[in-house]
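# okay, here's the prediction I keep looking at, along with the sequence it came from:
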Amino acid sequence: MLLRRVYKQHRWLASHVKFLSTQKSSIDIKVDNDGIAILNLQRPPVNSFSMDFLKELSKSLDFVENNKITAMILTSAFPRVFSAGLDINEVYKPDAVRFKEFWTTLQEVWMKLFGARFITAAAINGQSPAGGCLMAMSCEYRVMIKGTFTIGMNETSLGLIAPTWFMELVKNTINVRDAEYAFTTSRMFTPEEALKVRLIDEIAADKDDAIAKCKRFIKKFDEITPSARINTKMKLRGPAIKKLQNTRQEDTEEIYQLVIHPDTQKVAIFQLYSSPVSANPAIITGYDPMEVCIENCAQCKKMLGAWFEGQLCAESCIKYRGKMIPDCENYASISPFLNKL
Ligand SMILES: CC/C=C\C/C=C\C/C=C\CC/C=C/CC(=O)SCCNC(=O)CCNC(=O)[C@H](O)C(C)(C)COP(=O)(O)OP(=O)(O)OC[C@H]1O[C@@H](n2cnc3c(N)ncnc32)[C@H](O)[C@@H]1OP(=O)(O)O
């Protein structure tokens with residue numbers, strides 16, 4: 001066996017991992033008997049990337065790297081969502097300084113994951129739009145579980161243009177025609193469709209099967225000289241990382257300008273209270289009353305929390321085109337959306 005596993009370190013790792021998981025972490029790390037780290041993403045409700053979550057992901061990747069763990073599998077602790085991508089709260093009415101720090105953190109995490117010296121695989125056990133898709137695509141191998149889940153790049157439906165480095169990654173994974181079609185139309189792929197265009201490598205019956213299939217991929221490297229594997233990966237992936245390193249500021253400025261555009265902001269507030277992957281972005285037509293209506297729904301949700309059905313409220317704004325604007329202090333206007341009376 002050419003690949004040196006890290007059995008000796010397991011006792012220490014086990015105690016260290018236990019320590020990490022007592023910190024109310026959003027990522028649970030377990031190192032199995034084969035020396036493979038399983039990173040279970042568990043940030044409720046949908047593993048969306050907030051600044052803190054990205055920083056935690058960054059630390060988790062450092063943990064894997066620094067402990068010379070040979071391979072890592074990314075998966076979700078939730079039964080229906082792998083990751084919903086960027087946290088819409090980071091995108092809605094962003095503070096310029098914070099947003100730029102957020103995006104810089106995202107770039108760093110991407111470079112760390114994409115350029116990891118250890119083997120990376122994703123067991124995609126649920127919905128995986130936009131940033132969720134990028135995270136999976138940055139791994140070396142992807143197994144998605146069958147079901148009604150989709151994966152894809154829905155950025156244009158949000159008024160966003162995916163960063164160049166993400167486009168390059170997709171273009172280098174599936175063919176250019178499929179990439180162009182998928183990006184421009186915000187196409188979401190079922191597992192079968194994703195397999196057909198090679199967005200994913202395998203389909204699994206369930207999460208355990210997905211992890212087992214990822215492990216089977218990782219096992220292949222038992223027969224490969226570690227330094228040959230690592231250097232080959234670095235030669236293939238290095239240029240894309242270098243390219244981003246040289247253009248980080250422009251990339252950040254470009255995405256910030258896109259995010260603060262009024263059209264993107266309208267979609268962002270709608271996103272907070274609906275299920276956008278299945279929504280038709282064409283209904284977000286930009287009428288001011290509807291925008292005010294949805295913003296009020298957002299405010300009531302913030303004030304009333306679990307008592308208030310934010311999604312129902314936003315849907316009703318869309319249905320009635322903003323003709324019945326809720327006022328959080330007017331009981332009659334919000335009673336249809338109160339659920340614990
Ligand atoms: C490799 C690098 C490492 C990391 C990279 C990370 C990111 C890279 C990113 C970026 C580069 C490319 C740019 C990407 C742009 C984006 O990612 S924008 C975000 C796009 N995301 C979406 O469009 C998904 C939106 N969500 C959904 O479609 C559905 O919620 C989902 C299918 C995920 C789940 O559906 P369902 O199970 O029915 O749940 P709900 O819709 O009811 O949602 C449950 C609660 O979760 C809240 N929520 C959903 N998505 C987000 C989100 N993105 N941010 C914050 N919160 C979200 C939703 O509001 C519900 O909350 P509530 O219960 O009502 O309080």
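Received, thanks.
# what residues does Thr164 make contact with?
247, 251 (CB atoms under 8 Å, 6 or more residues apart in numbering). Bear in mind the C-beta positions are built from the backbone N, C-alpha and C, glycine included.
# which residue is the nearest non-sequential neighbour of the most centrally placed residue in the chain?
Nearest to the geometric centre of the chain sits Gly132, at 2.5 Å (CA atoms, centre = their mean). Closest residue in space to Gly132, ignoring its immediate chain neighbours: Ser83 at 3.3 Å, by CB to CB, 6 or more residues apart in numbering.
# cool, Glu192 as well?
Using CB to CB, 6+ apart, the nearest residue to Glu192 is Ile203, at 7.0 Å.
# isn't that neighbour right up against Met144?
Yes. Using CB atoms under 8 Å, Ile203 is in contact with Met144, at 6.0 Å.
# any shared contact partners between the two?
191, 195.
# spit out the contact partners of the residue nearest to Glu192.
Per CB under 8 Å, 6+ apart, neighbours of Ile203: 143-146, 191-192, 195.
# between these, which is nearest Glu254?
The shortest approach to Glu254 among the contacts of Ile203 belongs to Met144, at 30.3 Å (CB to CB).
# gap between the longest helix anywhere in the chain and the chain center?
Determined from DSSP state H, the single longest helix within the chain is helix 226-246. In this view, helix 226-246 has its centroid 23 Å away from the chain centroid, taken as CA atoms, centre = their mean, to the nearest Å.
# so is it next to the ligand?
No. Helix 226-246 stays clear of the ligand (CB under 6 Å from any ligand atom), getting no nearer than 11.4 Å.
# thinking again about what came up before, now do the SS call for the residue nearest to Gly132.
Following DSSP: H, G, I helix; E, B strand; the rest coil, the label given to Ser83 is coil.
# ok, now Lys59?
Assignment for Lys59 (three-state DSSP): helix.
# could you count how many residues lie near Cys300?
Neighbour count for Cys300, taken as other CB atoms under 10 Å: 23.
# hmm, back to that, need phi/psi at the residue nearest to Gly132.
phi -160, psi 140 (degrees, to the nearest 10).
# okay, it: pLDDT?
Ser83 carries a pLDDT value of 98.
# likewise Gly159?
On the pLDDT scale, Gly159 gets 82.
# gap between it and the ligand?
10 Å (CB to the nearest ligand atom, to the nearest Å).
# I'd say that residue and His261 touch.
Yes. When contacts are counted by CB under 8 Å, Gly159 is listed as touching His261 (6.5 Å).
# and these two? which has more neighbours close in?
For Gly159 versus His261, neighbours defined as other CB under 10 Å are more numerous around Gly159 (18 against 13).
# which residues are in contact with stretch 172-184?
By CB under 8 Å, 6+ apart, stretch 172-184 touches 137, 152-153, 155-156, 162, 167, 170-171, 187, 189, 197-199, 240.
# and those, which are buried?
Among the contacts of stretch 172-184, those classed as buried by 16 or more other CB atoms under 10 Å are 137, 152-153, 155-156, 162, 167, 170, 187, 189, 197, 199, 240.
# between those, which is closest to Ser227?
Ala240 (21.3 Å).
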